[in-house]
Structures are given as C-alpha cells and as structure tokens.
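Visitor: need coordinates for the below:
(one chain, ligands or ions: 2)
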Amino acid sequence: MSEDLLVAQNIDVSFAQRSGLFGVVPASKVLQGVTVRVGRGETVGIVGESGSGKTTLGRALLRLIDVTAGRISFEGRDITRLSETEMRPLRRRMQLIFQDPMASLNPRHTIRRIVTEPMLFHRVAINQTDAERSARAIFERFNLPLACLARYPHELSGGQRQRVCIARVALLAPDFVLADEIVSGLDVSTQAQVLNLLKALSRDLGLSMAFISHDLSVVRAICDRVYVLQAGRIVEDGLCEDVFAAPKSDYTRALLDAIPLPRIDAGWLDRSSVAQVSA
Ligand SMILES: Nc1ncnc2c1ncn2[C@@H]1O[C@H](COP(=O)(O)OP(=O)(O)OP(=O)(O)O)[C@@H](O)[C@H]1O
Ligand SMILES: [Mg+2]
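Guide: Ligands and ions are numbered 1, 2, ... in the order given. Purely as a prediction, here's the structure:
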C-alpha cells in the first residue's frame, strides 16, 4: 500500500441553515464520520447518488470548507485548522478541476492568459516567455492546436475546453488533483480522450487524484480504489476490481445496476479512445 498523501479522518461537515419562517432550522449534517485516504500516485474514486456528499467531501479535502469534526492531513501534517494564509503554500500543490469548464474559464480572457497567469502567480514560470514555452509543450502533448492559445473559451469545443482546464492544472505540477464530475456532459469518445489524458498525466507526474463521479464505469476505468458514499456516510470501500465484482452493500449494487450495460466492462476506455494521448 502506498504512502498516504491526503487523509480525511472521521470528518463531519454541517451547513448552518438560515433562519426561516418558523425560527432557526438546525444545522444539517452533510458528512458523518467519513474517512478517506489518498496514497501517493493513487487515483481514488468517490461515488454515490446526487446529494450524497461527494462534492462536499472533495471541498473538505482541499480545505475549501471547514469540517465540524475530524481531521484533514496532507503529507502527515494536520491542516484541519490552518488559516488561508497558512494554506497558501499548499494551494499550488492541491488543485481542483470542475465539471463545467465554461464556468471555470474566464470568458473574457484568452486561453493563453488562462493557462499562463496561474504559472506566473504560483511562480512555476519565471516570466511570460517561460510560461508560454511550457504551455505550448503541454498543448502539443494534449493534442490541442496551438492556435487555441489566441482564442477565447467559447471558441473551443467542450472536449478542448476540458483539456485546457487539465493543462492549466498540470502546468502547476500539483501533488493532488480533485476531479469533480469532469467528464459528465461529454460524449463517450471525448470522455475517453480526457480520461486517457488524466491517466497518462497521473502516471507521469506521480499525481494523486480523487475522482468524483456518479458514473461507475468511468470510475472503474480510471481508479485504483473506490469509496461509496450514501447520505454522507461511507458505506463501502476497496479496490475497484473487488468492489465492482462483488459489491457488499445493496446501495453499491443498486448504483452498479444503474450503469448502461454496453459500458459495464473495464475495457471500454481503451477501445473507445479515438486519440490515445500518452507520453
Ligand atoms: N453550501 C451549502 N449549504 C447548505 N447545504 C449544502 C451546501 N452544499 C451542499 N449542501 C447540501 O449537502 C448535500 C450534499 O451535497 P453535495 O453537493 O456534496 O452532493 P453531491 O454528492 O456532490 O451531489 P451531485 O452528484 O448532485 O453533485 C446536499 O443535500 C446539499 O443540498
Ligand atoms: Mg457534486
């Protein structure tokens, strides 16, 4: 078993409710006693139905929201109560890719600016020329036309936009990436392209990933281990091959039964990939 990079130990997350017509509504517990470990170089899946708490768990892992109980640690260091200033040196190392690239890319900025600015901000590039050189190299590797650099987000296809989001994150050389439903909304062959890219990237950079998805065939194709969330609790976890071959909980079985049949086998990613993207 690999060394732990990011760990959530027995965490609770509650959201305070606004006071309503009938007085103050008690805080709702969205996560209860959740323990998740992500090893170095490991890709972990987080699955569960809508509203089960996947995004909340991801945001807690990244310290974007506070936990009400439990502990978050990064490289063995307790980061549960670090202030934003104290977190700053870790921010480059823990990155997030969202479901909707249109929402995470500033529509008024060129792709060039979108990918080079974070490198300059986090000082992984010494100047614009340096940043641009790295951007061009990764665009070639990601099969993104260099002409895209001069364009605006709306002038790219959905798959290209998602690859730009991944490129922007990869250029910062993070240790951990949280990918939240990043292929929902893409067609199957574009999904395979984006997933292969992520697979190659995590292999080459030794990246650790938490991959949130309600689509179990996607998780099965890309993750080493999986955690199953139901109503804010982990109901099952284990190696993907074990959990998917012989689910222990009825809930996991129900999630598996919901997968459209043609995509249930683990090989779909390799077969459906149009452009294999690798080193
Ligand atoms: N900021 C918030 N304030 C209050 N409640 C919230 C907040 N964020 C999430 N919740 C609630 O927490 C629960 C879990 O939400 P979360 O977004 O983590 O689910 P999810 O598993 O990511 O769902 P989906 O698959 O639809 O993205 C939901 O009941 C949601 O309404
Ligand atoms: Mg979510």
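
Visitor: so where is this protein shaky, pLDDT-wise?
Guide: The chain contains residues with pLDDT under 70 at 1-2, 18-26, 259-279.

Visitor: following element in sequence after the longest helix along it, please.
Guide: Scanning the chain for the helix with the most residues, using DSSP state H, yields helix 188-205. Remark: after helix 188-205, the chain's next helix or strand is strand 208-212, criterion DSSP states H and E.

Visitor: pull up the residues of the stretch 101-250 of the chain that are close to ligand 1.
Guide: His214 (Cβ under 6 Å from any ligand atom). (Glycine included, C-beta is placed from N, CA and C.)

Visitor: now with 8 Å?
Guide: Within reach of ligand 1 by Cβ under 8 Å from any ligand atom, the stretch 101-250 of the chain has these residues: 180-181, 212, 214, 229, 232.

Visitor: so Asp4 makes contact with Gly39?
Guide: Yes: the pair Asp4 / Gly39 is scored as a contact, 5.8 Å apart, by Cβ atoms under 8 Å.

Visitor: what touches both of these two?
Guide: Common neighbours of Asp4 and Gly39 are not found (criterion: Cβ atoms under 8 Å, 6 or more residues apart in numbering).

Visitor: picking up where we left off before, which of the residues of the stretch 101-250 of the chain next to ligand 1 sits closest to Arg88?
Guide: Asp180 (22.1 Å; Cβ to Cβ).

Visitor: tell me the spacing between that closest one and Ala200.
Guide: For Asp180, the distance to Ala200 equals 20 Å [Cβ to Cβ, to the nearest Å].

Visitor: could you do Arg163 as well?
Guide: 12 Å.

Visitor: now the strands for the stretch 101-250 of the chain?
Guide: 176-180, 208-212, 225-230, 233-239 (DSSP state E, counting those that start in this stretch).

Visitor: in TSV: those strands, plus distance to Gly58 and mean neighbour count.
Guide: Putting those into TSV (distance: least, Cβ to Cβ, whole Å; neighbours: other Cβ atoms under 10 Å) gives the following:
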stretch	distance to Gly58	mean neighbour count
strand 176-180	5	24
strand 208-212	6	25
strand 225-230	11	24
strand 233-239	14	17
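
Visitor: compare those strands and give me the one nearest Leu57.
Guide: strand 225-230 (6.8 Å).

Visitor: and Arg163 and Ala200? Which one has more around it.
Guide: Using other Cβ atoms under 10 Å, the more surrounded residue of Arg163 and Ala200 is Arg163, with 26 against 16.

Visitor: was I right about the more buried one contacting Leu195?
Guide: No: if you go by Cβ under 8 Å, Arg163 and Leu195 don't touch, sitting 11.3 Å apart.

Visitor: from Arg133, how far out is the most centrally placed residue in the chain?
Guide: Centrality entry for the chain: nearest residue to the mean C-alpha point is Ala179, 1.2 Å, by Cα atoms, centre = their mean. Noted for Ala179: a distance of 26 Å to Arg133, by Cβ to Cβ.

Visitor: next: Asp12.
Guide: 46 Å.

Visitor: what's the angle from the host helix or strand of Glu86 to strand 176-180?
Guide: Assessed by DSSP H and E, Glu86 sits inside helix 84-91. Helix 84-91 runs at 90 degrees relative to strand 176-180, counting by axes from the mean of the first three to the mean of the last three Cα atoms, to 10 degrees.

Visitor: how about the helices in this structure?
Guide: Using DSSP H, helices in the chain cover 54-61, 84-91, 101-104, 111-121, 128-141, 158-170, 188-205, 216-222, 240-245, 250-257, 268-272.

Visitor: can you spell out which helices and strands pack onto the helix holding Glu86?
Guide: Applying 3 or more Cβ pairs under 8 Å, 6 or more residues apart in numbering; DSSP states H and E, we find helix 84-91 packed against no helix or strand.
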